[in-house]
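# A predicted structure for the sequence below; I have some questions about it.
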Number of protein chains: 2
Amino acid sequence: MNLKNTPARSAIYDFLVRSSSPVDAGQIIKFLRSKNLNTNKVTVYRNLDALFKNGLLERVEFGEGKFRYEFKKNHHHHLICTNCGKIEDISGEYLTVIENKIRKENGFIVKSHSLEFYGLCRNCRNN
Amino acid sequence: MNLKNTPARSAIYDFLVRSSSPVDAGQIIKFLRSKNLNTNKVTVYRNLDALFKNGLLERVEFGEGKFRYEFKKNHHHHLICTNCGKIEDISGEYLTVIENKIRKENGFIVKSHSLEFYGLCRNCRNN
DNA sequence: TTGACAAATGCAACTAAGTTGCATATACTT
DNA sequence: AAGTATATGCAACTTAGTTGCATTTGTCAA
């Protein structure tokens, strides 16, 4: 698949690169409107899909019934504060030992995993 | 919250208890129809919600854009085969060490986590 | 530099998953 | 057996995401 460099696509990607935590399609659409780039929502969804399938984006789900996307950086996991909604990254390669165990014990070859932690962030724990 | 014992509710719960892997609302609705329990989808969603909020069910998401539910058993994680869709359980309390580290290093108190592994099951790895 | 052609876009209409308001019915308590 | 909170059904709605199709735009090779 050959990705072309279009205004909509680079606006979406730039926005994701600058975002400090994963964003959903709705937030992207709002952002584009605020910049007077009148981009159709279909274009947004199709671009997220294309960028994701080409390995430029990561797709995550935090139990909200919708996906969030972030640009692909070092492998990491998320700390999601269930009180204020803040999302922190933690760098992580904790699971290699477990994945080897799974391969031995279950005959299952792990290709990827999703790991998110829910709880209270530093601020919210004190309130 | 006081849960009443109604036919719809116990049919849904029984189905989940007997299911070997997490099921979605659609599967439950189909099952109920096949048993000629003509239960409205709203009732299904409301019951899943009530059972979940009362701690009788677990809710999971496997990147499909919808939720799956399973009855609450020992804490475990899932192995999801990306080829045939088979879902296996692995019992797991692997993360306590990591969660303590997070508490120390990030000041974040982990209340729950979600961890799923995607890859190829024993059968599919050989094809 | 100019076609050619694949890839991208916009529009409208659609689907799937889940929710809400409201009137009626049913389970549980006393 | 009555009263009341809880549950249900229906219809209508919302939110997230998808599809078909006609038009436009990037890119690459001549």
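Structure's in. What do you need? Please read these numbers as outputs of a predicted model, since none were measured by experiment.

# just the helices in chain A please.
Applying DSSP state H to chain A gives helices spanning A:7-18, A:25-34, A:41-53, A:96-106.

# Tabulate the ones you listed in TSV, adding columns for distance to B:I80, mean neighbour count and mean pLDDT.
The way it works is simple: take the backbone N, C-alpha and C, and place the C-beta from them, glycine included. Converted to TSV, the helices of chain A look like this (distance: least, CB to CB, whole Å; neighbours: other CB atoms under 10 Å in any protein chain shown; pLDDT from 0 to 100):
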stretch	distance to B:I80	mean neighbour count	mean pLDDT
helix A:7-18	26	16	97
helix A:25-34	24	15	96
helix A:41-53	18	16	97
helix A:96-106	12	13	93
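
# Make a markdown table from the ones you listed and add distance to A:E88 to it.
What follows is the helices of chain A, written out as a markdown table (distance: least, CB to CB, whole Å):
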| stretch | distance to A:E88 |
| --- | --- |
| helix A:7-18 | 17 |
| helix A:25-34 | 18 |
| helix A:41-53 | 22 |
| helix A:96-106 | 22 |
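
# For chain B, find the nearest of those helices.
helix A:96-106 (5.3 Å; CB to the nearest CB).

# contacting residues around the closest one?
Applying CB atoms under 8 Å, 6 or more residues apart in numbering or on different chains, the contact partners of helix A:96-106 are A:F108, A:I109, A:V110, A:H113, B:L79, B:E88, B:I90, B:G92, B:Y94, B:F117, B:C121, B:R122.

# can you name the two of these that are farthest apart?
B:Y94 and B:R122 (20.8 Å; CB to CB).

# closest point of chain A to DNA strand D, which residue?
Here chain A gets closest to DNA strand D at one residue, A:N5, 3.2 Å apart by CB to the nearest atom of the strand.

# and A:N83, how many neighbours does it have?
Residues lying near A:N83 (other CB atoms under 10 Å in any protein chain shown) number 12.

# Could you list the contact residues of chain A toward DNA strand C?
A:1-4, A:6-9, A:38-40, A:42-43, A:46-47, A:50, A:65 (CB under 7 Å from any atom of the strand).

# before we move on, back to that, tell me which of the contacts of helix A:96-106 is nearest to B:S21?
Nearest to B:S21 among these, with distances taken as CB to CB, is B:E88, at 7.9 Å.

# Tell me the spacing between that closest one and B:N2.
36 Å (CB to CB, to the nearest Å).

# Sheet partners, orientation included, of the longest strand seen in chain A?
Looking across chain A with DSSP state E, the single longest strand is strand A:109-120. Paired neighbours of strand A:109-120 in the sheet (DSSP bridges): strand A:76-81 (parallel), strand B:109-120 (antiparallel).

# Just say which of those is most tucked in.
strand A:76-81 (a mean of 21; mean count of other CB atoms under 10 Å in any protein chain shown).

# Could you list the alpha-carbon positions for that strand in PDB?
Only the C-alpha atoms of strand A:76-81 are listed here, as PDB (Å, rounded to 0.1, in the frame of the first residue of the first chain):
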ATOM      1  CA  HIS A  76       4.900   1.300  26.300                       C
ATOM      2  CA  HIS A  77       1.800   0.900  28.500                       C
ATOM      3  CA  HIS A  78      -0.700   3.300  30.000                       C
ATOM      4  CA  LEU A  79      -1.700   4.400  33.500                       C
ATOM      5  CA  ILE A  80      -5.300   5.600  33.200                       C
ATOM      6  CA  CYS A  81      -6.600   7.600  36.200                       C
END
